[in-house]
Structure formats: structure tokens, C-alpha cells
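J.: sequence unknown, structure follows:
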């Protein structure tokens with residue numbers, strides 16, 4: 001399978017590195033306006049350098065591409081690739097606007113090609129194990145999902161705010177874990193970095209199955225924090241995305257009662273229990289994501305993260321910003 005990468009920012013460079021190392025695919029080209037950097041990457045990993053991705057499409061005719069351009073360029077590049085019969089893995093957020101995302105999804109369906117969105121945490125081994133344990137009933141009924149995604153300010157991103165760049169990851173994760181859609185939300189946002197876009201987002205979401213989601217995302221923390229906790233009847237799961245760890249804090253009261261519907265109504269419904277750290281086989285999530293994408297291309301199958309998933313996360317992120325800016329309840 002012939003593959004290519006369009007965009008050589010930090011994520012694009014990682015896609016280049018991994019494509020060059022994955023068996024049964026050939027990196028045929030890399031495109032970016034920064035031709036110096038593109039040529040350097042080609043010398044390290046193979047393929048031919050292009051300053052215009054349209055030339056790459058015409059001359060190399062790849063079977064699949066990663067699009068890792070600035071967000072406002074996602075739609076046009078994706079449409080051009082799909083029109084040329086190329087499968088697309090587009091980095092998140094899927095697009096700048098909901099309308100653009102819908103056009104991309106419609107085009108992928110029209111031409112019958114794969115459109116996968118780069119919500120990388122779906123492929124994190126700790127998250128995959130978490131999902132398996134929740135599906136097995138380890139947690140019982142879920143009450144809350146609390147997501148924290150915090151970072152120093154990324155000077156490389158100027159066209160979107162922290163909601164589109166970081167919160168989309170956690171919104172996708174909340175939808176994926178809850179297996180439900182958001183019905184209501186409240187939010188607060190702040191701009192503290194002298195930019196046009198939000199740097200801090202706090203959100204409270206209610207899903208249609210009753211689960212509460214708590215979103216805590218910013219670009220003003222001087223260290224990376226990537227954590228999610230899921231609390232339910234039988235205890236609380238905690239995932240550290242960065243270290244790929246999964247732990248469980250059990251509810252001792254639940255362990256002592258056979259009739260769950262009764263014990264939780266009593267004052268003894270929750271008490272501290274055992275702490276368990278599960279073994280997680282660590283893998284690079286981006287590699288797992290790319291390998292899954294390529295397999296979908298070979299099989300013409302539905303990807304784990306569809307265009308519709310990317311659309312929903314983007315729509316929620318934009319709605320949170322709108323809500324934070326306009327929906328104020330004052331005393």
C-alpha cells in the first residue's frame with residue numbers, strides 16, 4: 001500500500017516516522033510548504049518531497065494519506081484526496097466548522113473511501129483495557145466521567161483554541177465510554193494568553209443515560225496532565241494516558257452486598273476498598289491508530305473513529321465555547 005503524509009508539523013513528523021517503519025506499506029511522498037524540512041524528512045524516512053500536496057497526489061497516486069495540516073486546511077486537502085480516490089486519516093479536530101466536517105463525511109461516502117479522524121486516545125492500550133473491563137461489568141452502573149487534559153501553551157497552534165485542540169479528545173472519550181450522547185451542558189471559558197481563542201475550559205455535561213461528565217482542559221499548566229477517572233457503583237477506574245496505567249479503587253460496601261439496588265440507598269453505600277493496578281501492555285497509540293487505519297483501507301471497513309465521531313466531538317467543543325461565552329447564570 002502506497003502512503004503519504006501531508007503536513008510536517010509535530011504530528012505529521014510522527015506519522016512520517018511510523019509509516020516508514022510499518023510493514024506492507026511504502027511511504028511514497030511527503031508534502032509541506034516548508035520544503036527544507038520536508039526534504040530532510042524524506043532523507044531520513046524515504047519518499048519524495050513536495051511543496052504542494054496536489055502534485056504529490058497526481059504523481060505518486062497514494063492509496064492512503066495522513067492529513068496533518070493546520071485545522072483550517074483540513075477540509076480542502078481531504079476533499080482533494082477523496083476526489084482522487086485516496087483513503088484519508090485526518091488529524092483532529094476533523095475541521096474548522098461543523099459544516100466543513102459534514103461535507104467531508106458526505107464526500108467520503110460518495111466515493112466509497114475511508115475517512116478516519118485522529119482521536120488517538122481511542123487506541124491507547126490503557127483505554128482499550130478500561131473499555132473491556134467496563135463492558136465486563138467490573139464497574140457496574142457508571143455515575144461520572146472526569147477528564148483532565150492540561151498542557152503548557154503550544155505556540156505552534158494559532159488557528160483554534162484549546163476546546164477544538166484538546167477538549168475534542170476528552171469529549172470523544174466521554175462519548176465512547178458512556179456510549180451515550182450529551183443532552184445538556186454548562187461551561188466557563190477564559191482567554192488569558194492574549195490570543196483570539198480560549199485557553200481554559202471547564203465544562204459540565206449531562207448524557208442522555210444520566211452520566212455526568214466533568215471536563216477540565218487548559219493550555220496554562222506548566223506540565224502535561226492527561227488523566228480520566230470513571231466512577232460507578234463498584235468503585236472508580238483511573239487512567240493516566242501518558243504513562244498508560246490503569247488502576248481501580250474498589251467500593252468495599254459494594255463488595256459486601258449481593259443486592260446492589262438496596263445497599264446503595266443506605267448510608268453505608270460507599271466505603272474505601274482495595275487498590276488494584278492492572279498490567280497494561282504498553283504500545284505507541286499513534287502506531288496502533290495508523291495500523292488500524294491501514295487495515296480499514298485494505299478491507300474497506302468502518303474505522304474505529306469515524307468522520308461522524310469527529311463531527312460530534314467538534315460540535316460539542318464549539319458548543320462548549322459558545323455556552324461559556326454566552327450562557328451565564330448570574331445571581
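T.: Looks like it came in fine. It should be emphasised that the depicted structure is a prediction, and the values quoted were computed from it without experimental measurement.
J.: run through the bridge partners of residue 231.
T.: Per DSSP bridges, the residues bridged to residue 231 are residue 144, residue 236.
J.: residues near it, how many?
T.: 20 (other Cβ atoms under 10 Å). For every residue, glycine as well, the C-beta is placed using N, CA and C.
J.: same thing with the one 3 residues further on?
T.: Using other Cβ under 10 Å, the number of residues around residue 234 comes to 20.
J.: so it sits against residue 139, correct?
T.: Yes - contact criterion Cβ atoms under 8 Å: residue 234 and residue 139 qualify, at 5.4 Å.
J.: residue 66: which element?
T.: Assigned by DSSP states H and E, residue 66 belongs to strand 64-67.
J.: strands paired with that strand, and their directions?
T.: With DSSP bridges as the test, strand 64-67 is paired with strand 2-6 (parallel), strand 87-91 (parallel).
J.: go through these and name the closest to residue 110.
T.: Across these, residue 110 has its closest neighbour in strand 87-91 (13.2 Å, Cβ to Cβ).
J.: the stretch 51-200 of the chain: helices as residue ranges?
T.: Assigned by DSSP state H, counting those that start in this stretch, the helices in the stretch 51-200 of the chain fall at 53-60, 74-83, 98-111, 125-135, 162, 168-178.
J.: quick one, which of these is packed in tightest?
T.: Across those, the average number of neighbours (mean count of other Cβ atoms under 10 Å) peaks for helix 162, which reaches a mean of 30.
J.: ok, and what's touching stretch 118-138?
T.: With Cβ atoms under 8 Å, 6 or more residues apart in numbering as the contact definition, stretch 118-138 has outside contacts at 11, 66, 89-92, 139, 142, 168-169, 172-173, 176-177, 228, 230, 234, 237, 239-241, 244-246, 248, 278, 280-283, 285-286, 288-289, 292, 304-305, 309-310, 313.
J.: circling back to that earlier point, which of the helices of the stretch 51-200 of the chain has the lowest mean pLDDT?
T.: The weakest mean pLDDT among those belongs to helix 162, with a mean of 93.
J.: list the buried ones in stretch 4-15?
T.: For stretch 4-15, the neighbour count (16 or more other Cβ atoms under 10 Å) marks 4-9, 11-15 as buried.
J.: most centrally placed residue in the protein?
T.: residue 119 (2.5 Å; Cα atoms, centre = their mean).
J.: phi, psi of it?
T.: phi -80, psi 90 (degrees, to the nearest 10).
J.: contacts only, for the closest residue to residue 115 other than its chain neighbours.
T.: Nearest residue to residue 115 in three dimensions, chain neighbours excluded: residue 108, at 3.7 Å (Cβ to Cβ, 6 or more residues apart in numbering). By Cβ under 8 Å, 6+ apart, the contact set of residue 108 is 82, 88, 114-115, 307.
J.: tell me the one of the residues you listed nearest residue 54?
T.: For the contacts of residue 108, the closest approach to residue 54 (Cβ to Cβ) belongs to residue 82, at 13.3 Å.
J.: pretty sure the closest one contacts residue 115?
T.: Yes - with contact defined as Cβ under 8 Å, residue 82 reaches residue 115; the gap is 7.2 Å.
J.: circling back to that earlier point, tell me which of the contacts of stretch 118-138 fall in strands.
T.: Among the contacts of stretch 118-138, DSSP state E puts 66, 89-91, 142, 228, 230, 237, 239-240, 245-246, 248, 278 in strands.
J.: whichever of those end up buried, select them in PyMOL.
T.: Here is the PyMOL command that picks out the buried ones among the ones in strands among the contacts of stretch 118-138, judged by 16+ other Cβ under 10 Å:
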select buried, resi 66+89+90+91+142+228+230+237+239+240+245+246+248
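J.: now the ones in strands among the contacts of stretch 118-138 as JSON lines including distance to residue 210 and pLDDT?
T.: Below are these laid out as JSON lines (distance: Cβ to Cβ, whole Å; pLDDT from 0 to 100):
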{"residue": "66", "distance to residue 210": "38", "pLDDT": "98"}
{"residue": "89", "distance to residue 210": "34", "pLDDT": "98"}
{"residue": "90", "distance to residue 210": "33", "pLDDT": "98"}
{"residue": "91", "distance to residue 210": "33", "pLDDT": "97"}
{"residue": "142", "distance to residue 210": "9", "pLDDT": "96"}
{"residue": "228", "distance to residue 210": "19", "pLDDT": "98"}
{"residue": "230", "distance to residue 210": "14", "pLDDT": "98"}
{"residue": "237", "distance to residue 210": "18", "pLDDT": "98"}
{"residue": "239", "distance to residue 210": "22", "pLDDT": "98"}
{"residue": "240", "distance to residue 210": "27", "pLDDT": "98"}
{"residue": "245", "distance to residue 210": "28", "pLDDT": "98"}
{"residue": "246", "distance to residue 210": "24", "pLDDT": "98"}
{"residue": "248", "distance to residue 210": "22", "pLDDT": "98"}
{"residue": "278", "distance to residue 210": "27", "pLDDT": "98"}
